[in-house]
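Enquirer: whatever this is, show me its structure:
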Amino acid sequence: MKMKRYFSFVILMMLCAVLSAQPIDTARFRIDYDPVIMGLNKLNQGTMLVDSGRGKVTFDYYITPQRIDLSFTPSQVKPAKVQADVMKRLYRNFLRVGFGYPVTPIAQLSMHNFDNRKYSYGLNFDHFSSWAPQIGKKMQKYAYAPTSDSKVHLFFNRFFKRQTLYSSVGYNHKLAHLYGFNKDLGYDEYYYSKEYQDTLKNDFHHLYAEVGIRSNHVLEDRRLKQDVRLNYNFIHTRRKDMEHNVALRSYLAYDARFLKLNGSQNYRADINFDYFNNSWGNLPKDSALMTTRNSFLFEIKPTVNFTINEYHVILGVGVPIAQSNLQNKLLIPVYPVAELQLGLVPKIMNIYVGVDGKTEFNSLKNLLLENPYFNTSIDSLRFTRTPISVYGGVKGNLVKKLNYRISARYSYTKDMPLFMIDTAALLKNQFNVIYTDAQVLNVCANINWQVLDQLYINLDANYWGYYGLKNTTHAWYKPSFEIALGGTYFHNDKFLIDLNMALSFDRWAFMPLQASAEAIAENSEISAGNDYVIAKMKPILNFGVGFEYFFSKQFSAFARINNIACQYYSKYYDFPSFGINALVGVTYSFGDESLKKLKKKK
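Expert: Below is the predicted model:
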């Protein structure tokens with residue numbers, strides 16, 4: 001215990017000695033000093049902590065595989081309920097028969113094989129005629145004028161994977177009578193007798209055939225597409241005038257991307273050839289007086305078609321080469337082909353403008369189909385050439401079910417055919433053809449409107465203007481205005497009502513001086529000269545109504561009345577229509593087969 005006290009005392013003395021050895025000094029502080037913190041450069045670097053004691057951690061474990069059961073049982077799905085298919089059966093044959101006033105029989109037959117993926121064939125027959133004597137005070141002044149139109153058409157098609165072989169053959173017989181001479185003009189009664197009836201007949205037989213092959217590729221396929229067909233037409237008239245026509249119609253097309261443009265590029269070449277051989281019953285085949293004997297037309301038209309978004313462009317050229325006995329020199333009326341189409345409002349409004357042309361032969365067949373009172377022994381057939389035709393318009397859909405198209409075309413045409421009364425004919429009841437150069441303006445409008453699901457309305461309107469006529473004063477028998485309005489209404493799949501109206505104005509005719517005043521319009525500008533006058537014909541006003549009742553899917557009855565206003569209008573001088581006429585009949589569809597049986601046959 002004493003030892004500890006002694007040791008503590010020694011330590012205390014040593015501390016006192018040390019403290020007494022420190023020097024004494026006076027500290028002075030400057031009280032007016034303002035400390036300032038100096039600017040420091042901050043290091044933009046995060047602090048890195050290095051863990052020097054980090055070691056490798058190991059785990060002692062293993063994976064035990066587990067087998068998952070993937071088996072399942074699908075639940076039963078109930079089929080959706082839909083309405084029954086209306087077309088439970090296919091009706092491949094159609095028959096329509098009727099009878100009208102005056103004596104007017106009508107018959108139509110259409111027959112087709114069952115639906116087949118390899119081939120199709122069928123038959124179409126159509127007959128319409130009128131055999132009644134002239135009825136009414138107006139028509140009793142004219143000769144007996146029965147008419148007849150009969151057509152038979154057979155076709156056969158064979159379908160392959162990439163090609164379709166198609167063919168057809170048909171026959172057409174048209175009968176008309178040259179009844180256009182009025183008793184008031186002083187003609188002898190002999191010309192109205194039964195003994196003279198055969199002399200007034202102006203009928204012809206038309207036999208035709210076609211065979212061709214075309215590809216089944218759509219436009220977007222980058223494959224060679226083609227359509228090549230051969231046509232044959234034969235005309236034989238009552239006066240033993242004949243016309244043979246052999247024609248080739250073909251095109252080759254390929255959709256490529258030679259130019260680095262977005263959209264499609266279609267390159268196409270149309271190659272056509274026509275040969276016509278004519279002979280006239282009033283001239284020997286080897287007669288030197290025959291002016292129309294052999295005629296041919298060869299044409300090649302290469303075009304390129306670009307479609308880029310809403311732009312559509314066509315560029316090309318048409319090169320026709322024509323030759324005939326009547327036109328001794330070789331005709332090569334080259335014409336440009338161009339079109340630009342722009343979609344201002346997609347699927348609602350498109351505008352287009354273009355230029356083209358054409359060359360066609362005024363064949364005996366075409367002239368007879370246009371005017372059944374044509375003097376067939378004309379021996380004066382020419383080529384009509386249109387070296388340039390400029391057109392433009394607008395088309396589209398105003399609403400979902402209203403389609404419209406308004407366009408205009410201005411053409412310069414050489415050797416345009418016009419019908420003119422045959423001044424050499426005794427009864428002045430036949431027409432010859434003359435040719436003129438003309439500038440033609442056509443403005444047209446078309447509207448198709450599905451107002452309701454059961455109501456359809458269609459309107460067509462046309463205006464024609466003929467300027468710069470050569471060797472004539474008017475475009476004979478061609479109207480300046482035409483309007484056609486039609487409507488169809490379906491009611492509960494039982495009734496069908498059809499209304500139609502056709503108006504035609506401003507036809508000019510070259511008439512004999514003693515022409516009946518009934519054929520001349522009240523505001524006509526009559527120009528007298530020698531034995532003939534130039535006068536405006538009365539307008540054509542034709543109103544009709546039709547009705548059909550469907551008893552079932554196969555059987556229906558129909559009735560129709562034409563020319564309700566009973567207008568004896570004339571399309572050609574002194575050939576008035578037969579006034580009001582009515583027609584009633586029935587239709588029947590047959591040759592049905594169940595769809596189930598049809599699928600088994602395939």
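
Enquirer: so who does residue 176 touch?
Expert: Going by C-beta atoms under 8 Å, 6 or more residues apart in numbering, residue 176 touches 145, 147, 201-203, 372-373. All C-beta atoms are positioned from the backbone trio N, CA, C, and that covers glycine.

Enquirer: now these: which count as buried?
Expert: 145, 147, 202-203, 372-373 (16 or more other C-beta atoms under 10 Å).

Enquirer: now, which of these sits nearest residue 365?
Expert: residue 372 (12.2 Å; C-beta to C-beta).

Enquirer: where in the stretch 201-350 of the chain is pLDDT low?
Expert: Within the stretch 201-350 of the chain, the stretches with pLDDT under 70 are 219, 258-262, 284-291, 327.

Enquirer: all strands for it, in order.
Expert: 204-215, 224-237, 242-256, 264-279, 294-308, 311-324, 335-345, 349-361 (DSSP state E, counting those that start in this stretch).

Enquirer: as TSV, those strands with distance to residue 484 and mean neighbour count would be great.
Expert: Shown next, in TSV, are these (distance: least, C-beta to C-beta, whole Å; neighbours: other C-beta atoms under 10 Å):
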stretch	distance to residue 484	mean neighbour count
strand 204-215	27	17
strand 224-237	29	16
strand 242-256	30	17
strand 264-279	31	17
strand 294-308	32	17
strand 311-324	29	18
strand 335-345	26	15
strand 349-361	24	17
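
Enquirer: dump those to CSV, plus distance to residue 454.
Expert: Formatted as CSV, the strands of the stretch 201-350 of the chain follow (distance: least, C-beta to C-beta, whole Å):
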stretch, distance to residue 454
strand 204-215, 37
strand 224-237, 38
strand 242-256, 40
strand 264-279, 38
strand 294-308, 36
strand 311-324, 35
strand 335-345, 29
strand 349-361, 28
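
Enquirer: look up the closest residue to residue 309, ignoring the ones flanking it.
Expert: Nearest residue to residue 309 in three dimensions, chain neighbours excluded: residue 263, at 6.6 Å (C-beta to C-beta, 6 or more residues apart in numbering).

Enquirer: which residue lies nearest the spatial centre of this protein?
Expert: By C-alpha atoms, centre = their mean, the chain has its centre lying nearest to residue 405, at 12.0 Å.

Enquirer: okay but it is in contact with residue 397, surely?
Expert: No - checked against C-beta atoms under 8 Å, the pair residue 405 and residue 397 is beyond contact range at 10.5 Å.

Enquirer: list the contacts for residue 423?
Expert: By C-beta under 8 Å, 6+ apart, residue 423 lies in contact with residue 532.

Enquirer: am I right that it is in a strand?
Expert: No - Residue 423: not assigned to a strand; according to DSSP: H, G, I helix; E, B strand; the rest coil it is coil.

Enquirer: picking up where we left off before, tell me the contacts of the residue nearest to residue 309?
Expert: 306-309, 311.

Enquirer: same question for residue 324.
Expert: 276, 292, 294-296, 361, 381-383.

Enquirer: and those residues as CSV, adding distance to residue 342?
Expert: Formatted as CSV, these follow (distance: C-beta to C-beta, whole Å):
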residue, distance to residue 342
276, 41
292, 45
294, 46
295, 41
296, 39
361, 36
381, 41
382, 39
383, 35
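
Enquirer: hmm, back to that, out of the contacts of residue 263, who's nearest residue 489?
Expert: residue 307 (38.5 Å).

Enquirer: tell me the bridge partners for residue 147.
Expert: Here residue 147 sits in beta bridges with residue 130, going by DSSP bridges.

Enquirer: do residue 230 as well
Expert: So, taking DSSP bridges as the rule, residue 230 has residue 211, residue 248 as bridge partners.

Enquirer: that one reaches residue 272, doesn't it?
Expert: No - at 11.6 Å, residue 230 does not count as touching residue 272 under the criterion of C-beta under 8 Å.

Enquirer: who touches both of those two?
Expert: The contact sets of residue 230 and residue 272 overlap at 247-248 (C-beta under 8 Å, 6+ apart).

Enquirer: which residues does the closest residue in space to residue 256 that isn't next to it in sequence bridge with?
Expert: Closest residue to residue 256 apart from its sequence neighbours, by C-beta to C-beta, 6+ apart: residue 265 at 5.7 Å. Note on residue 265: beta-bridge partners by DSSP bridges are residue 256, residue 306.
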